[in-house]
Structure formats: structure tokens, C-alpha cells
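1. I would like the atomic coordinates for the input below:
(one chain, ligands or ions: 2)
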Amino acid sequence: MGLTKIAVIGAGLMGSGIAQSLAMGGKRVKLYDSSKQSLKRAEDSIEKSLQRFVKAGTMNEEAVFTVMEHIHPVHDVWEAVKDAELVIEAVPESLSLKKLVFEEIDRLAPEEAILATNTSELSVTAIAAATSRPDKVLGMHWFNPAPVMRLIEIVQGEDTSPETIKAVEEVSQEIGKETVLVKDRQGFVTTRALTAHLLECIRMHEEGVANAKDIDKAIRLGLNYPMGPLELADLIGLDTMLFVSEGMTAAYGDRFLPPQSLRKMVEAGHFGRKTGKGFYTYTVQRETSKQ
Ligand SMILES: C[C@H](O)CC(=O)SCCNC(=O)CCNC(=O)[C@H](O)C(C)(C)COP(=O)(O)OP(=O)(O)OC[C@H]1O[C@@H](n2cnc3c(N)ncnc32)[C@H](O)[C@@H]1OP(=O)(O)O
Ligand SMILES: NC(=O)c1ccc[n+]([C@@H]2O[C@H](COP(=O)([O-])OP(=O)(O)OC[C@H]3O[C@@H](n4cnc5c(N)ncnc54)[C@H](O)[C@@H]3O)[C@@H](O)[C@H]2O)c1
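-> Ligands and ions are numbered 1, 2, ... in the order given. Sure, this is the predicted structure:
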């Protein structure tokens, strides 16, 4: 059994799903978020997601209890990383923020710990350079919703060692995921391909080529995609989509420019599922009063 003690930093949409996926694969996970509210929301969304597996008949209540037993929400980053063999970061898509987080976990985590970022498209090499261990830093790009999606895209930074890659390939396979290995180029493989697709569909919506429902239906039924592009953008988070679009524009030019309508929705605080409104409206679970 490879790496077993894992810390996840950032318990939002992805961090909660990553923690759940690891725990479902038998790993012990400490889950930290700078916001207590996010940590509470993470526990609720993990419970909800596990109940989907129970409803689907692929898990029983005993397995749910075991998975929850493997996830330890903590309120202090030192507590989260102090004995970790692998730390996975899933904070918002901002290079400056990720560098700050990596500087901190580099100082606090055991020196042999591997540090992985779940960035969608930012430079793994630049994040690694913020630490004293660039050979032990790589991209571990999960997909939303993490408990269901089967791929982990491993991104090799300029100084990532082969041993680091092998250890993360192993832990990915141990929890039932498939991996691919890509170079550290903006957007890697998946985000570059997906962003081109999603942005073009948002532009079509903006130009009034068709309404949101028909654009999604056309792609879902016409191209046999599991989700339409606008409902998928709402699932990913329009805030993340804007971050990604701006990052890709810096690297590849105007073809990735964010549509004005995307920017306006984000400026208005409409991030999609996570805020209850994006291209569609959703019922957002009320925050529990208990902290
Ligand atoms: C940009 C980033 O860096 C990288 C990315 O993440 S790109 C995005 C990658 N993800 C995709 O492309 C997802 C495409 N969609 C799909 O594969 C499928 O629609 C799906 C797996 C999300 C759901 O498939 P399906 O079996 O039809 O489930 P369905 O009953 O329709 O449920 C859809 C809903 O369930 C969620 N979901 C389904 N199973 C789930 C599970 N076990 N745990 C958590 N959420 C689950 C979906 O997110 C959505 O949320 P909701 O519960 O709040 O409604
Ligand atoms: N949303 C997706 O579909 C998706 C898929 C793959 C990868 N990603 C990437 O994963 C990362 C997280 O995205 P997300 O959608 O989960 O975002 P999110 O906004 O849902 O979650 C981010 C979490 O990080 C927490 N946070 C912020 N600063 C922190 C800090 N200094 N220390 C600890 N926690 C902190 C926030 O409180 C929040 O709970 C981004 O880099 C994103 O590009 C997103």
C-alpha cells in the first residue's frame, strides 16, 4: 500500500470530492479549509454524495460510516499536514494564492511529503518554485464530480522527479482512478480542450444562436456528451471558468478571451450551482446554523 496519510487543503467543490474519493479508496484524509463554513458544507456534500451511491445500490450504510470515519475535518493547517505523506491543494484558481499556500505547507509538512496541486491550468512549475522541494511537487488534476470521474491528470513540473510521479500514479490507481501524464503547459490536455469547447458555447449563447436549454440539448443529444456545456460550466463554477479563461488567454491569446456575459455573471456573484444561479437557477442548501 503506497501513500496512506493524505491532507487536502481547501474543502470546496473539488476538495470535498477529492477527500471523499480518497476515503472511499481506504486512505486516511485530513481535510482543512480556512473557512469553517466551507468545512461544514464539505461534510454535508460528502454525506449527500455518499447517499447517491447508497441509492444507486453501490454502497451500504456501513461503508458510508467507514468512509466518513476516514475523513477528519481539521481547523488548523499544521494539524492537517504535520504527518502527511501527500498534501493535495484545492484552493481557488489564483497563482498568487496557491504560491502562498505552497510556501506554508512546504514549511509545515514532513520534508519527504509530496505536495500536489489540483489547479485546472496554472503553472505547476511556478507553484513548485515557491517551495524548497520542487522535485516533490506536481499537478494532480481531478475532475468534477471527483467521486464519479475516473481520471486524474498528472502534470509534471520542470523539476518533478520520476519517483514523485510514480508514487502519485500508484495512489491514484489504489483508489480506482486512471491516470495520464502530461507536460506542464497552460491548460494541460483536458482544460485546454474543454475551455475551447465551453467558451465557444457561451459565445453562441451570448450571440443568441439558441437558448441555454437548446444549446445544452444539442450538445448532449447531438454529440452524445453526458452534460450540456452551460450546465457543465454551472457545475464547474463560473468563477473558476473565468479564472481559467483569463489564464489561457495569457498563454494562447484571444481565442480564449472570456465572453463579457461570463464576466458579468461572475461580477454579479452568480457562479452557477455553488451560488444557486448561473446559466440556470438551483436550490442551494441553506447554510447550517451550527458551526
Ligand atoms: C475545469 C476543471 O479543472 C476540470 C473539470 O472538472 S472539467 C468537468 C469534468 N466533468 C464532466 O465533464 C462531467 C460531465 N457529466 C457527467 O459525467 C455526468 O453528468 C455526471 C457524472 C456528473 C452525473 O451523471 P449521472 O449518472 O447522470 O448523474 P445524475 O443523476 O444526472 O446527477 C447529476 C447530478 O449529480 C451529481 N453527481 C452524480 N453522481 C454523483 C456522486 N456520486 N457524487 C457527487 N455528485 C454526483 C452531479 O454533479 C449533479 O449534481 P446534483 O446532485 O447536485 O444534481
Ligand atoms: N470546479 C471544478 O470543476 C474544478 C475541477 C478541477 C479542478 N479545479 C480546481 O480546483 C481548485 C479549487 O476549485 P473549486 O471549484 O473546488 O473552488 P471552491 O471555491 O469551491 O473551493 C475553494 C475552497 O478553498 C478555500 N480556501 C481559500 N483560501 C484558502 C486557504 N488559504 N487555505 C485553505 N482553504 C482555502 C475556500 O474557503 C473554498 O472552500 C481550483 O484551482 C480549480 O481550478 C476545479
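
2. The helix or strand hosting V64: what's the following helix or strand?
-> Using DSSP states H and E, V64 sits in helix 61-69. Where DSSP H and E defines the elements, the next helix or strand beyond helix 61-69 is strand 71-74.

3. Read off the pLDDT value for whichever residue of the stretch 1-150 of the chain sits closest to ligand 2.
-> Proximity of the stretch 1-150 of the chain to ligand 2 (Cβ to the nearest ligand atom) peaks at G12, 1.8 Å away. For the C-beta atoms, the positions are set from N, CA and C on the backbone; glycine is no exception. What the model reports for G12 is a pLDDT of 97.

4. what about it, how many residues close to it?
-> 20 (other Cβ atoms under 10 Å).

5. Also the one 3 residues further on?
-> As a burial measure, the neighbour count of G15 was computed by other Cβ under 10 Å and equals 25.

6. Leaving out the residues flanking it, which one is nearest to it?
-> Using Cβ to Cβ, 6 or more residues apart in numbering and skipping residues adjacent in sequence, the residue nearest G15 is A90, 3.7 Å away.

7. The one you found and S21 touch, don't they?
-> No: the criterion here is Cβ atoms under 8 Å, and A90 misses it with S21 at 11.6 Å.

8. Need the residues touching each of the two.
-> Counting by Cβ atoms under 8 Å, 6 or more residues apart in numbering, the contacts common to A90 and S21 are W142.

9. that older thread, thought the residue of the stretch 1-150 of the chain closest to ligand 2 was touching Q37?
-> No: using Cβ under 8 Å, G12 makes no contact with Q37, being 10.8 Å away.

10. For the residue in the stretch 151-291 of the chain that ligand 2 sits nearest to, which non-adjacent residue is spatially closest?
-> The nearest approach of the stretch 151-291 of the chain to ligand 2 comes at I236, 3.6 Å away (Cβ to the nearest ligand atom). Excluding the flanking residues, the one nearest I236 by Cβ to Cβ, 6+ apart is N144, at 5.9 Å.

11. Read off the pLDDT value for the one you found.
-> So, for N144, pLDDT stands at 96.

12. Could you count how many residues lie near the residue of the stretch 151-291 of the chain closest to ligand 2?
-> Neighbour tally, I236, other Cβ under 10 Å: 24.

13. now do the one 10 residues further on
-> By the measure other Cβ under 10 Å, the count of residues near E246 is 15.

14. mind checking the SS state of it?
-> Secondary structure, DSSP: H, G, I helix; E, B strand; the rest coil: E246 is helix.

15. now do I88
-> Taking three-state DSSP, the label given to I88 is strand.

16. Return the distance of it relative to R255.
-> 31 Å (Cβ to Cβ, to the nearest Å).

17. Likewise for K213?
-> Distance from K213 to R255, by Cβ to Cβ: 26 Å.

18. what residues are up against whatever residue of the stretch 51-200 of the chain ends up closest to ligand 1?
-> Using Cβ to the nearest ligand atom, the single residue of the stretch 51-200 of the chain nearest to ligand 1 is S120, 3.1 Å away. Neighbouring residues of S120 by Cβ under 8 Å, 6+ apart: 93, 141, 187, 191, 240, 243-244.

19. what about it, which helix or strand?
-> Using DSSP H and E, no helix or strand contains S120.

20. Pull out the buried residues from the helix holding V64.
-> 64, 67 (16 or more other Cβ atoms under 10 Å).

21. how about stretch 143-163 as PDB, C-alpha atoms only?
-> Output of stretch 143-163 as PDB, limited to C-alpha atoms (Å, rounded to 0.1, in the frame of the first residue of the first chain):
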ATOM      1  CA  PHE A 143     -12.400  16.100 -12.400                       C
ATOM      2  CA  ASN A 144     -15.800  17.300 -11.100                       C
ATOM      3  CA  PRO A 145     -17.600  15.500  -9.500                       C
ATOM      4  CA  ALA A 146     -14.400  13.800  -8.200                       C
ATOM      5  CA  PRO A 147     -16.100  10.800  -6.600                       C
ATOM      6  CA  VAL A 148     -17.500   9.800 -10.000                       C
ATOM      7  CA  MET A 149     -15.000  10.900 -12.600                       C
ATOM      8  CA  ARG A 150     -12.400   8.300 -13.400                       C
ATOM      9  CA  LEU A 151      -9.400  10.300 -14.500                       C
ATOM     10  CA  ILE A 152      -6.500  12.100 -12.600                       C
ATOM     11  CA  GLU A 153      -4.300  14.100 -15.000                       C
ATOM     12  CA  ILE A 154      -0.800  14.100 -13.600                       C
ATOM     13  CA  VAL A 155       1.200  17.200 -14.500                       C
ATOM     14  CA  GLN A 156       5.000  17.000 -14.400                       C
ATOM     15  CA  GLY A 157       6.600  20.300 -13.400                       C
ATOM     16  CA  GLU A 158      10.100  21.200 -14.800                       C
ATOM     17  CA  ASP A 159      11.800  19.600 -11.700                       C
ATOM     18  CA  THR A 160       9.200  16.900 -10.600                       C
ATOM     19  CA  SER A 161      11.200  13.700 -10.000                       C
ATOM     20  CA  PRO A 162      10.200  10.300 -11.600                       C
ATOM     21  CA  GLU A 163       9.800   8.900  -8.000                       C
END
